[in-house]
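Enquirer: I would like to see how this sequence folds:
(one chain, ligands or ions: 2)
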Amino acid sequence: MEKTKCRLCDLEQKTKWFYEDELFIICNCMTCQCKMIVLKRHDTKLTLEESNRLLKLLIKFAENRRVSFVRRTIPNHWHMHIKNGR
Ligand SMILES: [Zn+2]
Ligand SMILES: [Zn+2]
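Expert: Ligands and ions are numbered 1, 2, ... in the order given. This is a model prediction of the structure:
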């Protein structure tokens, strides 16, 4: 069996972590230096509970910044970028 490694499941504390709870991690993205919200489960969709938590995190961490749902490098694991600037 081929072992598929997911960079987001395997997230090590290589970059700065701003926040962690049982559902999400917020850390610096290793490729673009933006803040990145990463779901702890390997999935592409959020549950209702996770969506509600996400909204609270966005109010706290994203403020008026633009966010991006584009997942170019890792399409099969939910994460989101908080862009620098407005
Ligand atoms: Zn994953
Ligand atoms: Zn990035």
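
Enquirer: going forward, measure contacts and count neighbours with C-alpha atoms only.
Expert: Noted.

Enquirer: where does Ile37 land in three-state SS?
Expert: Recorded secondary structure, Ile37: strand (DSSP: H, G, I helix; E, B strand; the rest coil).

Enquirer: how about the closest residue to ligand 2 within the chain, secondary structure?
Expert: Residue nearest to ligand 2 within the chain: Cys32 (4.1 Å; C-alpha to the ion). Classification of Cys32 by three-state DSSP places it in coil.

Enquirer: For His79, give me its contacts.
Expert: Met36, Ile37, Val38, Leu39, Phe69, Arg71 (C-alpha atoms under 8 Å, 6 or more residues apart in numbering).

Enquirer: For the protein, just list every one of the helices.
Expert: Assigned helices in the chain, in chain order: 48-61 (criterion: DSSP state H).

Enquirer: got the residues of it near ligand 1?
Expert: Within the chain, the positions lying close to ligand 1 (C-alpha under 5 Å from the ion) are Cys6, Leu8, Cys9, His42, His77.

Enquirer: would you turn the residues you listed into JSON lines with pLDDT?
Expert: Shown next, in JSON lines, are those (pLDDT from 0 to 100):
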{"residue": "Cys6", "pLDDT": "90"}
{"residue": "Leu8", "pLDDT": "91"}
{"residue": "Cys9", "pLDDT": "91"}
{"residue": "His42", "pLDDT": "96"}
{"residue": "His77", "pLDDT": "94"}
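
Enquirer: can you pick the most crowded of the residues you listed?
Expert: His77 (20 neighbours; other C-alpha atoms under 10 Å).

Enquirer: hmm, who's touching the lowest-mean-pLDDT helix or strand in the chain?
Expert: For the chain, the helix or strand with the lowest mean confidence is strand 67-68, at a mean of 86 (criterion: mean pLDDT, DSSP states H and E). The contact list for strand 67-68 (C-alpha under 8 Å, 6+ apart) reads Met80, His81, Ile82, Lys83.
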